[in-house]
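**Q** I would like to see how this sequence folds:
(chains A, B, C, D, E and F)
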6 protein chains.
Amino acid sequence: MKSGLEKARVLVEALPYIRKFAGKTLVIKYGGAAMLDEALKRSVAEDLVLMKTVGIHPVVVHGGGPEITLAMKKMGKQATFVDGLRVTDLETMEITEMVLVGKINQQIVGFINRLGPLAVGLSGKDGNLLSVRKHSGRSLKKEKGEVDLGYVGEVEKVHGGVLEALRSQGFIPIIAPVGLGADGHAYNCNADSVAGAVASALKAEKLLLLTDQPGLLEDLKRPESLVPTVRLKEIPGLVKRGVVDAGMLPKMEACERAVRDGVGKAHLIDGRVPHALLLEIFTDQGIGTEIVA
Amino acid sequence: MKSGLEKARVLVEALPYIRKFAGKTLVIKYGGAAMLDEALKRSVAEDLVLMKTVGIHPVVVHGGGPEITLAMKKMGKQATFVDGLRVTDLETMEITEMVLVGKINQQIVGFINRLGPLAVGLSGKDGNLLSVRKHSGRSLKKEKGEVDLGYVGEVEKVHGGVLEALRSQGFIPIIAPVGLGADGHAYNCNADSVAGAVASALKAEKLLLLTDQPGLLEDLKRPESLVPTVRLKEIPGLVKRGVVDAGMLPKMEACERAVRDGVGKAHLIDGRVPHALLLEIFTDQGIGTEIVA
Amino acid sequence: MKSGLEKARVLVEALPYIRKFAGKTLVIKYGGAAMLDEALKRSVAEDLVLMKTVGIHPVVVHGGGPEITLAMKKMGKQATFVDGLRVTDLETMEITEMVLVGKINQQIVGFINRLGPLAVGLSGKDGNLLSVRKHSGRSLKKEKGEVDLGYVGEVEKVHGGVLEALRSQGFIPIIAPVGLGADGHAYNCNADSVAGAVASALKAEKLLLLTDQPGLLEDLKRPESLVPTVRLKEIPGLVKRGVVDAGMLPKMEACERAVRDGVGKAHLIDGRVPHALLLEIFTDQGIGTEIVA
Amino acid sequence: MKSGLEKARVLVEALPYIRKFAGKTLVIKYGGAAMLDEALKRSVAEDLVLMKTVGIHPVVVHGGGPEITLAMKKMGKQATFVDGLRVTDLETMEITEMVLVGKINQQIVGFINRLGPLAVGLSGKDGNLLSVRKHSGRSLKKEKGEVDLGYVGEVEKVHGGVLEALRSQGFIPIIAPVGLGADGHAYNCNADSVAGAVASALKAEKLLLLTDQPGLLEDLKRPESLVPTVRLKEIPGLVKRGVVDAGMLPKMEACERAVRDGVGKAHLIDGRVPHALLLEIFTDQGIGTEIVA
Amino acid sequence: MKSGLEKARVLVEALPYIRKFAGKTLVIKYGGAAMLDEALKRSVAEDLVLMKTVGIHPVVVHGGGPEITLAMKKMGKQATFVDGLRVTDLETMEITEMVLVGKINQQIVGFINRLGPLAVGLSGKDGNLLSVRKHSGRSLKKEKGEVDLGYVGEVEKVHGGVLEALRSQGFIPIIAPVGLGADGHAYNCNADSVAGAVASALKAEKLLLLTDQPGLLEDLKRPESLVPTVRLKEIPGLVKRGVVDAGMLPKMEACERAVRDGVGKAHLIDGRVPHALLLEIFTDQGIGTEIVA
Amino acid sequence: MKSGLEKARVLVEALPYIRKFAGKTLVIKYGGAAMLDEALKRSVAEDLVLMKTVGIHPVVVHGGGPEITLAMKKMGKQATFVDGLRVTDLETMEITEMVLVGKINQQIVGFINRLGPLAVGLSGKDGNLLSVRKHSGRSLKKEKGEVDLGYVGEVEKVHGGVLEALRSQGFIPIIAPVGLGADGHAYNCNADSVAGAVASALKAEKLLLLTDQPGLLEDLKRPESLVPTVRLKEIPGLVKRGVVDAGMLPKMEACERAVRDGVGKAHLIDGRVPHALLLEIFTDQGIGTEIVA
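**A** Okay, the predicted model is just below:
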């Protein structure tokens, strides 16, 4: 058992970080393992509430791919992917919206609010938060030509008004990655990209992406090959060498865009580690990979 | 075609009403036919945006029963009702939440926001808006004894913070009738009751329930038997005489509760009439039945 | 008689205009027939109050020439004019000030305030609203040489502080066109010019001049010869061709100056049409002539 | 010539008074000799501007009887009085309003604003400042029965909104004693009564009436018979003994009403003394008669 | 060495306490051992800064008796005490003020401000913070009759304006226990009493007195005889039984007065324990003795 | 004895100056004779309170050299000076801090607060108001090489937060010239330089240095040789010619720096004249020497 003094020391060690980030906005992409394990879910909720309590403003964007696939299966639909993007017909989009906005988002809100009435769920339709255009379907690997992905969108503009209204009144916005097309339809968006776009729009201090690995690894099998810091100019080389692989590419692009747009730093951190957010924010060493200008 | 002068006269006639309700909050239960017909949906959206534009603060609570039944059927589940209340097991609740929060609520938000980025969807979990207790299951007709309705809830407390945050920043809150139990579970609630409870909590100027009939009718078959005004003390007699029937009872109870709690007036109005809200708010005669202290 | 639905449609048609002008300032020159006919006076009052109620900020400048002549006659004085400008000796100025500030201004205030305590009368002396210099007396037609017009002034500077104090607290300022000379004397000013100068100073969205004709006419006898739009560069040609005649010239100059100074649009509209202001502001077609950059 | 040190001492002596009245509202009835003599007018203007500059909020109500009689004479009308109240037919009222609002009020505004753009003229119609009822015509001496005084009014209610808007933005409101009847007509009011009613409505710190005598005198011919302090309970006796004569009665009644309504003190001071306001406010001895609870 | 997870858990454990005290004011009497030991001084500074950083408002009152005695000795003066109160002649008072305000207070300010520019030193003269009356000199033990203690004062009134000005702008006020007499002289005050009076005046959430023992002990020699909670009604008995001895009496009286005046709780805590403040505020068990209503 | 009218005229003469400086900040170096003579002390206090009362914001920096020397002598220490700068070892610094912060500063606060609870004492440690670096010890006359002056500092940065907090809440900050070194130590600073740096940091309207002579004199023995105005470019010449002598040099440098940094004007005024501040601020002629850009 920890002594009182040891506890006090931990609090005191956090002090400079609390002071540094007080009043700042952090955008967090929440997904992967951290959304599946009960203990991790609770630890993320605690981290978010602690941040808000000490005066930091977290804004959360969540994913939810596996749940959508599951729900489609239940309704007898088969999911199809092109380069990791789900081909989304009208019926799939309806299921996607219900699952993201009506299930996953609300579960996260519920989890956080057990600790205090702080979280408020949003979709990209609320206050027209996320204006999107149809994804061009340009294959990333350029080998398959253009594909019609259906209701898959790319963020064109973030209308941050509703985030500001909630943030300033003490709430934590939880955003489902569903955008609003100019045609009035809902569009499914990549959650990493949404998080990056929101971070840019809010001039956030940090963008934090929770992933299922320790960060960017030179060799996926060797955790000790972690790349602690990536500068923007190094990214093309890392992609070329395959260190940034297809799965990591949208995350790295989101980080790159955000840092280019003036976000202080972006981080790829290991969502499988309990309290990964707190450790990144409130300790010297930090964890995972940071992307800086 | 209408002349300019006639148009001007209509605007001028609305003037005293605009002045009267400026800065006031109106809570609107949106449901029934007005949620199904495209033209009616558009007319409700226009009415809400017009109100907000001239300085009135509408807060909307919507229903969605038929859609839930439909979605259950799709997933091979049979809906069961006791005295009009859906028996809601865990799986049913999950479907209910997805349909109400992830589909219907977002459709309404989308419809309104085509006219301007004003609507923001909420469930009772957001900011712990609706704290509920499990419905006691006391049969209304007292003939069947207590029934376990499962995840059906009654509003215990409205935490209006998130409504205030959105209202004051120019947004129209759209509330799905899903409450948060002390056990952390979502509970399905009667939308009329939620609307009444929200009106009470916000000390609203008016509670307006959109129904599928012209108001309270002495004889359901004769629209001309409309009861224009009901005083609180007359309600027990109306229930006894069956004028308030089982279908109307939860609506009347919601109105009664709201008026007792200090809401100025409650109204049962005909949601099948285009722009019914505008007509009730901005003309002398009003329409439907008003419930007053 | 108009049905409820038709009424609702008129309100809905006004919606985008209300939204467009909410929070904006409109400066209105009120004069001519609209100041003489009781029904027109009432319709102008209603239009102003409606604007203010829906969040638009009207500022009114009124004229009053005929009443001054009448009052002078009563006191046994003969009015003299040079190119439409009244030669104003000290006694005439005293009468002018009493009639404009003590009679006409107060009548307009009284008329509006029957609908609500909104109007507050001002002269150019109040808070030094209108600093003027003596009119140079340069004859417009250059044929008579310089004339000493006496206490006739041209606006040099608008001190908008008192307008802002009233506007922000929900009042409609009603301005009598009496300016304050550097010598401490009151000076009679042209109301059209004052309206233009006030619009420029307030960076108004629109300047609206109520006239006694349908707008600018190619041929005064043919209302159908209305010029719907005038660009600034077209004005010299219109003056040369006499389309802008001596009576219209000060109005056109006021419009020109305001648009040059950044006012969105200026309008010459027919004050003899009931609710001309509402129709111009709240309908698509607009009426009269607009002057644009 | 005064030395620097002597000047400094005067400023320092004023210090406690400036501190005492900072942020407080003083209502001043301005009339009589102080309105006729050029040097006195200037001294009153300086006193008002000094007060405002050091953070005190003066509100001025002015009279104007003699000017009205003069203007009537010019127009060939004969003034009639009953117990000091002018019988006011429609034509007389029109002249009264023009003289009070369009001439005297504007002269005062102009005089003050030479020192800075502070004064804003108001009538009782502006923002419905003074709601009045028709004067009952009950003869004060009870000997002549009721008389129809025409458009003579008594203040029923002060709507202080416009005063507050101006006061808080740094302006000095100058009020002409013209009220607004429920019939929409202007009514002539006694300026002393208006000042008292305004002081009551604003919960003023002081009501100051400028008179043409040193204060209340036991013997009008002997200035040294000044009554320095009158308590409310002493007033009936003073009226009975004739110390408060017919001319002083409305002033004493205004003071009495104000003090009863919570105004700190009322003062009858000698407007013929230069800077009488400053001396009363900023020196220990004060001057004239004070009326206290 | 502590793992990241253990650190995170400590932060999470503090969460409910941070939330509970956010926005609240805590008044802390700082003295004794905690003012002498370098490590303890640093730990107190860290605790105060941490509190302020997470939104709690600490206000500090410090003592300084031993330093005064030391300084007197340097200047060749002998300190005299009556019942623990220093007899304070004019020269002693001058030394006292210099030591408390110019040395000890500034040392504390300096210590805290190494961590951030938060602390601002105050004496009771600043903004007339502490109005005092001369100590009556009634001997506590009643055996010696009245003694003239000289410039020893008792707090009569706390003018909290300067505290509020600093608190609301993010500063931590550090108060030296020197009061201002009606005679304009400085008076030496008991720091415990000052802390109690300040806590009462600010309606603080807590009063925390740092002492050199573990709290109130039944038997001073046995730390395990700690009295964890004292109710107000139990105090007379504890005094009678000598559990509250002469040294503890002024502390207990300060606690009693504060709790009677509406302060939530008062605490006697062991200033010799590092981070005693953090442990009391941010852990469940608390430490020392609490005094409650 | 002065008549009422004369008093009023003095007040009226001050009017334009009060208006001119309302809301502006004046930084005053208080020292020399004005700190020794009881009557002068009172007159300075009155001047400061009058300024604050009429809406001007004085900020005071005081000196205190002679008192420090006296206190050192009492403690058996000998003061040593190099080019007018006190060589300050650790013990001397401790005495200096106690005398400046704990004695002189508090005396000034006490003197002012007899007139109202306005003054709040500060040292450069409070809120890290004055960040200083060690004085380089470069001899001004360059003849003695570098000298280690010990704890003598030069202002590097002014953190005005605490001044702003106090100023905006109606307090007068009184600053002791003790700065905070990067090493956490207190450093003795030249009060003239501190006043100049504070004036620069606050973008003050004026810097006023109270001196013991009538201003800058061509010939110290002839007061009539006063230089009324000095332009920045004239300073080097004046130094060369010895008009600015060693004693005046730091004052002139402080003035120069402030004016270069945007302070409107700097003034050297005769602190031996009662109410010198008032006379400079509130009369046309001004007194002493002004330094302008």
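
**Q** And residue A:33, how close does it get to residue A:274?
**A** 11 Å (CB to CB, to the nearest Å). Where you see a C-beta, it was placed from the backbone N, CA and C, and this is true even at glycine.

**Q** Which residue ranges of the stretch 151-293 of chain A form strands?
**A** With strands called from DSSP state E, counting those that start in this stretch, the stretch 151-293 of chain A shows them at A:152-158, A:172-176, A:178-181, A:186-189, A:206-211, A:229-231, A:265-270, A:289-292.

**Q** Just checking: what are the partner strands of the fourth one?
**A** Right, the one you point to is strand A:186-189. Strand A:186-189 has its sheet partners listed here by DSSP bridges as strand A:152-158 (parallel), strand A:178-181 (antiparallel).

**Q** before we move on, the earlier item: got any residues that touch both of residue A:33 and residue A:274?
**A** By CB atoms under 8 Å, 6 or more residues apart in numbering or on different chains, residue A:33 and residue A:274 have these common neighbours: residue A:40.

**Q** okay if I get the strands paired with strand A:186-189 as CSV plus mean neighbour count?
**A** Output for these, formatted as CSV (neighbours: other CB atoms under 10 Å in any protein chain shown):
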stretch, mean neighbour count
strand A:152-158, 20
strand A:178-181, 26
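
**Q** In CSV, list these along with distance to residue B:96.
**A** Compiled in CSV, these are given as follows (distance: least, CB to CB, whole Å):
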stretch, distance to residue B:96
strand A:152-158, 27
strand A:178-181, 19
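
**Q** Of all those, which one comes closest to residue A:104?
**A** Across those, residue A:104 has its closest neighbour in strand A:178-181 (10.9 Å, CB to CB).

**Q** For chain F, what is the nearest residue in the stretch 151-293 of chain A?
**A** Nearest to chain F in the stretch 151-293 of chain A, going by CB to the nearest CB, is residue A:205, at a distance of 22.0 Å.

**Q** Near the residue nearest to that residue when sequence neighbours are not counted, how many other residues are there?
**A** Using CB to CB, 6 or more residues apart in numbering or on different chains and skipping the chain neighbours, the partner closest in space to residue A:205 is residue A:24 (3.9 Å). Residue A:24: 16 surrounding residues under other CB atoms under 10 Å in any protein chain shown.

**Q** so who does the residue of the stretch 151-293 of chain A closest to chain F touch?
**A** A:21, A:24-26, A:263-265.

**Q** Please render these as JSON lines that adds distance to residue B:282 and pLDDT to the earlier fields.
**A** Formatted as JSON lines, the contacts of residue A:205 follow (distance: CB to CB, whole Å; pLDDT from 0 to 100):
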{"residue": "A:21", "distance to residue B:282": "49", "pLDDT": "91"}
{"residue": "A:24", "distance to residue B:282": "46", "pLDDT": "95"}
{"residue": "A:25", "distance to residue B:282": "41", "pLDDT": "96"}
{"residue": "A:26", "distance to residue B:282": "46", "pLDDT": "97"}
{"residue": "A:263", "distance to residue B:282": "47", "pLDDT": "96"}
{"residue": "A:264", "distance to residue B:282": "51", "pLDDT": "94"}
{"residue": "A:265", "distance to residue B:282": "53", "pLDDT": "95"}
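
**Q** Closest one to chain B out of those, please.
**A** Chain B has its nearest neighbour among the contacts of residue A:205 in residue A:25, at 16.5 Å by CB to the nearest CB.

**Q** show me what contacts the closest one?
**A** By CB under 8 Å, 6+ apart, the residues touching residue A:25 are A:57-59, A:167, A:202-205.

**Q** Which of those residues fall within helices?
**A** Among the contacts of residue A:25, the members found in helices (DSSP state H) are residue A:167.

**Q** Flag the least confident of the contacts of residue A:25.
**A** Of all the contacts of residue A:25, residue A:167 carries the smallest pLDDT score, 92.

**Q** check contacts around the residue nearest to that one when sequence neighbours are not counted.
**A** In this structure, residue A:167 finds its nearest non-sequential neighbour in residue A:57, 5.2 Å apart by CB to CB, 6+ apart. Shown in contact with residue A:57 (CB under 8 Å, 6+ apart): A:23-26, A:51, A:167, A:172.

**Q** Tell me the most packed of the contacts of residue A:25, by neighbour count.
**A** Ranking the contacts of residue A:25 using other CB under 10 Å puts residue A:58 first, with 29 neighbours.
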